[in-house]
Structure formats: structure tokens, C-alpha cells
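Peer 1: After the sequence you'll find the predicted model.
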Amino acid sequence: MSADDALLAHPGDTIAIASDHAGVALKSAVAADLAGLGFKVLDLGTSSTESVDYPDYGHALGRAVADGSAKAGIAICGSGIGISIAANRHNGVRAALVHDAANAQLAREHNDANVLALGARTTSPETAKNLVNIFFTTPFGGGRHARRVEKLG
């Protein structure tokens, strides 16, 4: 398998994105970054800063990745924690909350994460753009990591 084959997604693939009210602005910036990388963006909401419940959006994103409507996803809430927990409740979803470049790379390389979770209150748009780029350009390492990922279910 080539490194390119181990990439999570390629330009033209659909990436789902969802946020709660705290993540709307960052979601908008990240969606534009995804489009700039050549991905199709499936925006699952929310589109307002009116208070909503993050599990509703995390579950929508988890379903989209689990059922194949999207190749991967990006989940955003105030901290990134709650929405990642909701997304991870779905079979085949491996959402990783990432705050820095090293963890974006490791989430893909070691854990074959297919959902990048971000905290809108802890991540600037510039940092998010860098993390998205790293996440989608880092291949899964396979090998000993594949055995471990299989055990995640």
C-alpha cells in the first residue's frame, strides 16, 4: 500500500462538518479551508449562535461518517470534547480531539482517526487550518498500528 493509498481522503471526497453554537465561526472558516483543499463539504449545522445541544450535531456527523455519506468529518464545539464523545458513539468513527500539530499527525498515523475534533474556544482559525492540513495529508501508518486500531472496534 502506498502512502497515498493510506490517506484518509482525497480531493473530491466529501467531508462532513458539524458544530454547536460555540463553533459556528470556526466551522465556517474550516469549511472554506476544506473547499480550498478540493473537498466537497457536507455542512450538518448549526448555522446560528443560538444555543443548541452539541450531541445532536456530533451524532449527525457520526452517522454521516458511519454510513459513508462522508469519507471523514470535522466536529467542533466550545471545547471539542462533548461533540467528539457524541461522534465516537457510532461504529467505525474514530474522532480525535486535537490541539497541536504533533497530535494531528499522530491521530492519523497511529490511530487512523477519521474525525478531527476541534475546540472553538481553544483553537484559532489559523491553527485550525494547519491542523486540518496535517490531518488530511498524513497517511495511516498501518503495520503494528493496524492491529491496535482493529481492537477499537
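Peer 2: Structure received.

Peer 1: out of everything not next to it in sequence, what's closest to residue 60?
Peer 2: Residue nearest to residue 60 in three dimensions, not counting chain neighbours: residue 44, with 4.5 Å by C-beta to C-beta, 6 or more residues apart in numbering. Placement of C-beta: from N, CA and C, glycine included.

Peer 1: show me what contacts that neighbour?
Peer 2: 16, 17, 18, 57, 60, 61, 64 (C-beta atoms under 8 Å, 6 or more residues apart in numbering).

Peer 1: Provide the backbone phi and psi angles at it.
Peer 2: Per-residue torsions, residue 44: phi -100, psi 10 (degrees, to the nearest 10).

Peer 1: measure it to residue 6 for me?
Peer 2: Going from residue 44 to residue 6 by C-beta to C-beta, to the nearest Å gives 26 Å.

Peer 1: With residue 113 instead?
Peer 2: Counting by C-beta to C-beta, the separation of residue 113 from residue 6 is 13 Å.

Peer 1: neighbour count winner among these two?
Peer 2: A side-by-side neighbour count of residue 113 and residue 6, using other C-beta atoms under 10 Å, places residue 113 first with 27 against 15.

Peer 1: Tell me the most packed of the contacts of residue 44, by neighbour count.
Peer 2: Going by other C-beta under 10 Å, residue 61 tops the contacts of residue 44 with 33 neighbours.
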